[in-house]
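> Below is the sequence, then the predicted model.
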Amino acid sequence: MMIIDCNMWMGSGGAWGFVENQASAAGVATRQLNYEPEQVIEECQRAGIDRACVIPLRHPEYEAANRYVADQCARHPDRLIGIAVHSPQREQGSLKKLLTTEIQSMGMRAVRSDGPPTRESLDVARELGIPVIYYPEGRGVAQSYHMIASTYPDVTFILPHLGSYGGSWHLHMEALDLARRYPNVCIDTSAISVPPYLEMAVKEMPNERILFASCGPHLDARVAVESIRLLELPKKAHENVMGNNILRLLKM
């Protein structure tokens, strides 16, 4: 069985997460992080992860951050898979050119949206046939996702953390309701701090739409691997969650 982590962080910048976003909005300096590719690979080795989808940290200039990630993935093609990041609001009007180059020429496989996806960003994703990763920080899952998931049924969306990095029960429940309603919405298993909601997800959702993830090296990937093992899924479902599903979505 090949284990693929669909959400690991690489490069320098601000952390992804609601707490950091709140601080930024309040004018408080957010903590800057730096994860070198060697750290990511070492974290994978510690946890028994074969490959990692690596995402740039929050950054004011995503063109440069994406190029750094793409270059590192080219140096470690058997270990790293590149995911681009763009801000639909800050980069309005240039998304098609940037993302087309990153997907078709630089080997990136999906895009994370730093901010609510727009028609421009979703039209480009649909044209390129790539998944869109979006975590609605500080916004309700339902109000953020219903319109885009229903309007773009042919775009696959990946919702990190089952809707809540901080373990908010109502956001986990919103995420489950959303995933039951829309077959183009998948969830990743990173940073789910209350195990019963992960157990609920594997009981109520098709296992084909659950993706193993850790947010490593920021969080301990060994804990993420163990959290899935403890679910005691049937062999095929376990293999799907731990790697088959994300490989299928990324067309690898």
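Nice, thanks for sending it over.
> pLDDT-wise, which helix or strand of this structure ranks last?
Lowest mean confidence among the helices and strands of the chain (mean pLDDT, DSSP states H and E): helix 18-25, at a mean of 46.
> Now the element after that helix, going C-ward?
Scanning forward in sequence from helix 18-25 by DSSP states H and E, the next helix or strand is strand 32-35.
> which residues sit against that next one?
The contact list for strand 32-35 (C-beta atoms under 8 Å, 6 or more residues apart in numbering) reads 9-15, 57, 217-218. Heads up, the C-betas are built off the backbone N, CA and C, glycines and all.
> Buried ones in it, by neighbour count?
Across strand 32-35, burial judged by 16 or more other C-beta atoms under 10 Å covers 33, 35.
> Relative to that strand, what are the paired strands and their orientations?
Sheet pairing here is set by DSSP bridges, and for strand 32-35 it gives strand 4-14 (antiparallel).
> roughly how far apart are Ser94 and Ile133?
According to C-beta to C-beta, to the nearest Å, Ser94 stands 20 Å off from Ile133.
> likewise Met10?
Distance of Met10 to Ile133, given as C-beta to C-beta: 15 Å.
> circling back to that earlier point, using PyMOL, define a selection of the buried residues within the contacts of strand 32-35.
Only the buried entries of the contacts of strand 32-35 go into this PyMOL selection, using 16+ other C-beta under 10 Å:
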select buried, resi 9+10+11+13+14+15+57+217+218
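> Select, from the contacts of strand 32-35, the two members most distant in space.
Distance extremes for the contacts of strand 32-35: the farthest pair is Gly14 and Pro217 at 15.4 Å, using C-beta to C-beta.
> looking at it, Ala65 is touching Gly14, isn't it?
No - with contact defined as C-beta atoms under 8 Å, Ala65 does not reach Gly14; the gap is 11.1 Å.
> which residues are common contacts for these two?
Shared contacts of Ala65 and Gly14 (C-beta under 8 Å, 6+ apart): 57, 59.
> Now do Trp169 against His76, distance only.
Between Trp169 and His76 the computed distance is 38 Å (C-beta to C-beta).
> out of these two, which sits in the more crowded spot?
His76 (16 against 11; other C-beta atoms under 10 Å).
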